[in-house]
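Undergrad: build me a model:
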Amino acid sequence: RYGITSRPPHFDFHQSGTINSLGSQGCMFDNLVRRDPRDSGKTIIPDLAHSWEISKDNKTYTFMLRKDVQFHDGAELTSEDVKATFDRIAKPPQGISIPRSTLFAAVSEIAAPDKYTVQFKLAEARPANFIMSAIASGWNGIVRKKTLEDNGYNLRRVVDIPGTGPFKSQRRVEAEIWVMEKNKNYWNKGLPYLDGIEFYHALPFSPELGSSLLSGRVDYARLLDPGSMRRVKATQGMSGMDFYQSVIQATWMNNKKKPMDDPRVRRAFHLVLDKPVLVDVVKDIAPMMVGGFIYPFSEFATPLPELTKRLGYQADPTAAVKEAKALMKAAGYEKGITGLDYLVREVASFKLWSQAIQAMLQQTLNVQCNIRTAVESVWFDDVRTGKFDLAIGAIVSTLLDPSDYFNAWYSPKGPQNYSSWDNAKFNELLPQIDREVDAKKRLDLIRQAEAIMEQDPPLLPISWEKINDGWYNYVKGHNPKDYFGIYDVVRFDTFWLDK
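TA: Next up, the predicted model:
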């Protein structure tokens, strides 16, 4: 019995960017290769591919598939299914948006030379770890070619998508429960250990999620609030752990609308958001940390002592507010702005932040916002179609490497560039960052890109997240200690109950 937010905006997990999808759907699918759940996802190990070869020039990746693997509908897995899955991810058809597509920008062709062989051919070499990590992402589960064909390559309305994974869908009640049963024909003999999983929906960081765990209604809960986490750790027979999440919490500014089309206004908004205060605002709801446009806990980040000397990150916001007012005056908005539509995801932390940001903008720059709260499905549709002035939410990346999220979040063609931000100097740097193999030279390019974003923000960074997991000690077979995010180890095949 697993407590997690599971209110997906739709059922096409490839097109999704929220744990509401993958948190419960992930156990229905396998990957070509996967992150090892036994070592906290550090190592890439075989999955539907039992082995692989990488050419000396790092431009051809050949995967050998297992035989006699069945989808839940009884069809045999072949290389055509893998090819169709990754063709759609790498180059989405018209009307399909897949946040991970930018990971495969260097892939020129995916071939299926025979029934059990798949080849990824690159137009130009990339570091092998980058490509393998992209393929191993928990988001990239394999689906049937026929399922894609039968549904016009759009699976948003297909509740029970046939996978090859250890669990099959048995019953679902919207916003309540999703019951999975063991796949008795699973190719990986001996797995899964559990006979089934019941996913109970509860909003992230909500008191309801914490009480469901502490009262014993669920055995494991993900995205606990700090108060519940403290009680879990103080309760005999229970354990809790936190780890870094692959998510930025941010406000997007619609660059296609005035006044957000002016970089001076965007920087002014960035400067007056008091980041330490915003982290403090949600301290009883969610564990957060201050950061800019780069994962603050990564090797690529500006060190925090250096970051906190910058305008917009200082403990004393006086100098930042002064510059912000000068920028607004130069842009012609000295008297302020009225009537901005502020789209807010219906999550406790976003509601609190939006109210705090609304007050900060009003008090410092006389900018007035109208808050409009929306459930996930409406929020994602509205940001995708530009129906907002400001929008607060969270987006995920697959890797810690900037070549992933710089392309997905900040490039003009990025599927999660909800601001429609387009900066020529940044766009020129991006392919250089992707290609550079010298670590020192690459870091210098990343720093240049960061400096551009500070002056012309693609979004307003609010904070960066940590995840709280809690469970009863009889839940075994999991190891979240060193997870990077909650999207790579989602299979549940190694979980078991010691009772």
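Undergrad: which regions of the stretch 1-150 of the chain sit below the pLDDT cut-off?
TA: Across the stretch 1-150 of the chain, nothing is flagged by pLDDT under 70.
Undergrad: quick one, helices of it?
TA: Secondary structure of the stretch 1-150 of the chain (DSSP state H, counting those that start in this stretch): helices at 19-25, 79-90, 128-136, 145-150.
Undergrad: quickly list what residue 461 is bridged to.
TA: Beta-bridge partners for residue 461, by DSSP bridges, are residue 250.
Undergrad: do the same with residue 395
TA: In this entry, residue 395 is beta-bridged to residue 248, by DSSP bridges.
Undergrad: thought it was touching residue 248?
TA: Yes: applying CB atoms under 8 Å, one finds residue 395 in contact with residue 248, separated by 6.1 Å. In this view, the C-beta of every residue, glycine as well, is placed from N, C-alpha and C.
Undergrad: tell me, what's touching those two both at once?
TA: Common neighbours of residue 395 and residue 248 are listed as residue 409 (criterion: CB atoms under 8 Å, 6 or more residues apart in numbering).
Undergrad: could you check how far the residue lying closest to residue 416 once chain neighbours are set aside is from residue 461?
TA: Once flanking residues are discounted, residue 416 sits nearest to residue 395: 4.6 Å by CB to CB, 6 or more residues apart in numbering. Taking CB to CB, to the nearest Å as the measure, residue 395 falls 11 Å from residue 461.
Undergrad: and if you look at residue 39?
TA: Distance of residue 39 to residue 461, computed by CB to CB: 31 Å.
Undergrad: out of the two, which sits in the more crowded spot?
TA: More neighbours surround residue 461 than the other of residue 39 and residue 461, with 24 against 13 (other CB atoms under 10 Å).
Undergrad: I'd say the more buried one and residue 292 touch.
TA: Yes: the pair residue 461 / residue 292 is scored as a contact, 5.5 Å apart, by CB under 8 Å.
Undergrad: tell me the contacts of residue 60?
TA: Contacts of residue 60 by CB under 8 Å, 6+ apart are 54, 119-122.
Undergrad: so what's residue 421 closest to, chain neighbours aside?
TA: With sequence-adjacent residues excluded and distances taken as CB to CB, 6+ apart, residue 421 is closest to residue 458, at 3.8 Å.
Undergrad: what's the local residue count around the one you found?
TA: Neighbours of residue 458 (other CB under 10 Å): 27.
Undergrad: what does residue 218 give?
TA: There are 23 residues near residue 218, going by other CB under 10 Å.
Undergrad: which element is it on?
TA: Using DSSP states H and E, residue 218 maps to neither a helix nor a strand.
Undergrad: check the gap between residue 398 and residue 424 for me.
TA: In this view, residue 398 and residue 424 are 26 Å apart by CB to CB.
Undergrad: okay, those two: which has more neighbours?
TA: Higher neighbour count among residue 398 and residue 424: residue 398, with 24 against 9, using other CB under 10 Å.
Undergrad: for that one, which non-adjacent residue is closest in space?
TA: Closest residue to residue 398 apart from its sequence neighbours, by CB to CB, 6+ apart: residue 137 at 4.5 Å.
Undergrad: my guess is the one you found contacts residue 488, does it?
TA: Yes: counting by CB under 8 Å, residue 488 is a contact partner of residue 137 at 6.3 Å.
Undergrad: give the contact list for the most centrally placed residue in the chain.
TA: Closest residue to the average C-alpha location of the chain: residue 396 at 2.0 Å, with CA atoms, centre = their mean. Contacts for residue 396 were tallied using CB under 8 Å, 6+ apart; they are 17-18, 99, 246-247, 485, 487.
Undergrad: most neighbours among the contacts of residue 60, please name it.
TA: With neighbours taken as other CB under 10 Å, the top of the contacts of residue 60 is residue 120, carrying 26 neighbours.
Undergrad: now that one, nearest residue through space, not along the chain?
TA: residue 61 (4.3 Å).
Undergrad: give me the distance between the one you found and residue 242.
TA: 35 Å.
Undergrad: neighbour count winner among those two?
TA: Neighbour count, other CB under 10 Å: between residue 61 and residue 242, residue 61 has more, with 23 against 16.
Undergrad: thought that one was touching residue 52?
TA: Yes: Residue 61 is in contact with residue 52 according to CB under 8 Å; the separation is 6.5 Å.
Undergrad: pull the contacting residues for the residue nearest to residue 416.
TA: Neighbouring residues of residue 395 by CB under 8 Å, 6+ apart: 17, 99, 247-248, 250, 408-409, 416, 418.
Undergrad: if we go to 7 Å?
TA: By CB atoms under 7 Å, 6 or more residues apart in numbering, the contact list for residue 395 reads 17, 247-248, 409, 416.
Undergrad: which one of the residues you listed is nearest to residue 287?
TA: Set against residue 287, the nearest of the contacts of residue 395 by CB to CB is residue 247 (12.0 Å).
Undergrad: check that closest one and give its pLDDT.
TA: According to the predicted model, the pLDDT of residue 247 comes to 93.
Undergrad: over to residue 439?
TA: pLDDT, residue 439: 86.
Undergrad: over to residue 464?
TA: The score at residue 464 is 95. That number is its pLDDT.
Undergrad: look at it and say how many residues are nearby.
TA: Neighbour count of residue 464, defined by other CB under 10 Å: 25.
Undergrad: for the spatially closest residue to it that is not a sequence neighbour, what are its contacts?
TA: Excluding the flanking residues, the one nearest residue 464 by CB to CB, 6+ apart is residue 291, at 4.3 Å. Residue 291 makes contacts with 461, 463-464, as judged by CB under 7 Å, 6+ apart.
Undergrad: strands of the stretch 301-450 of the chain, residue ranges please.
TA: Shown for the stretch 301-450 of the chain, the strands assigned by DSSP state E, counting those that start in this stretch span residues 337-345, 367-374, 390-396.
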